[in-house]
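# what's the 3D shape of this:
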Amino acid sequence: MKYQIKYFIDFTVLVFLYAFVFFRKWRTQGRDKLLVNTLMYAYLSLVLYFTMMPVVASIPFMLDHPYKPMNLAPFIDVSLGRGDFFRQVFLNVIMTLPFGFLFPLTQDKRAKFGRTVFCCFLMSLSIELLQPFFDRSSDVTDLITNVIGGALGYGLYAVFKPIAFWVLERLNAR
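Numbering: from 1, shown residues only. Take a look at the predicted model:
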């Protein structure tokens, strides 16, 4: 129960941020922007849930444990025969597929492949660098597989771009 309250605090902060900051801004930009930005916000909130939470309740205790540096040996789990390596790689790729698809939609047709992958890299690097402060492990393999997921997500965006913009145009025309 105590642990659930910590998550509740984080989700409450995220809901208030959305309701009182982002929703008000995005609502004035049209239905299409509201939808795409809300989807991106919800996606990033889920990424926070799986990679960092609880955050707010953990801030006072961030320095109460030793900082565990990032594992800088890529794919070492394979050579060491650690059990769930393929599952972890698959989940990391899947986790960032939505970023690669949604990020260009938030950029008004300006986002190119390189910019999308670079922003995915920055998001993943930020998570990996911050995780040890929240007593979580950090791994360069996660960074690599997250970037691959973002690149694959951009590939899906490129394939479905005409359909996505057609849907968004229809949504805004209402």
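# list the contacts for Tyr67?
For Tyr67, the contacting residues are Pro132, Phe133, by Cβ atoms under 8 Å, 6 or more residues apart in numbering. The C-beta positions use only the backbone N, C-alpha and C, and glycine is treated the same way.
# List the buried residues in the helix or strand where Pro162 lies.
Assigned by DSSP states H and E, Pro162 belongs to helix 140-173. For helix 140-173, the neighbour count (16 or more other Cβ atoms under 10 Å) marks 140-154, 157, 164, 168 as buried.
# for stretch 32-44, same thing?
In stretch 32-44, counting by 16+ other Cβ under 10 Å, buried: Asp32, Lys33, Leu34, Leu35, Val36, Asn37, Met40, Tyr41, Tyr43.
# pLDDT (mean, whole number) over it?
Taken as a whole, stretch 32-44 carries a mean pLDDT of 96.
# Check stretch 154-171 too.
Mean predicted confidence for stretch 154-171 is 93.
# Pull the residues that contact that stretch.
By Cβ under 8 Å, 6+ apart, stretch 154-171 touches 31-32, 35-36, 97, 100-101, 103-105, 109, 113, 116-117.
# Skipping its backbone neighbours, what lies nearest Met62 in space?
Nearest residue to Met62, sequence neighbours excluded (Cβ to Cβ, 6 or more residues apart in numbering): Phe133, at 4.6 Å.
# Specify which member of the buried residues of stretch 32-44 is nearest to Val78.
Checking the buried residues of stretch 32-44 against Val78 by Cβ to Cβ gives Tyr43 as the nearest, at 28.8 Å.
# The closest one belongs to a helix?
Yes. With DSSP: H, G, I helix; E, B strand; the rest coil as the criterion, Tyr43 is part of a helix.
# Could you count how many residues lie near the spatially closest residue to it that is not a sequence neighbour?
Spatially, and ignoring its direct neighbours in sequence, Tyr43 is nearest to Pro98 (4.8 Å; Cβ to Cβ, 6+ apart). Residues near Pro98, counting by other Cβ atoms under 10 Å, number 20.
# picking that back up, tell me how far the helix holding Pro162 lies from the chain's centre.
13 Å (Cα atoms, centre = their mean, to the nearest Å).
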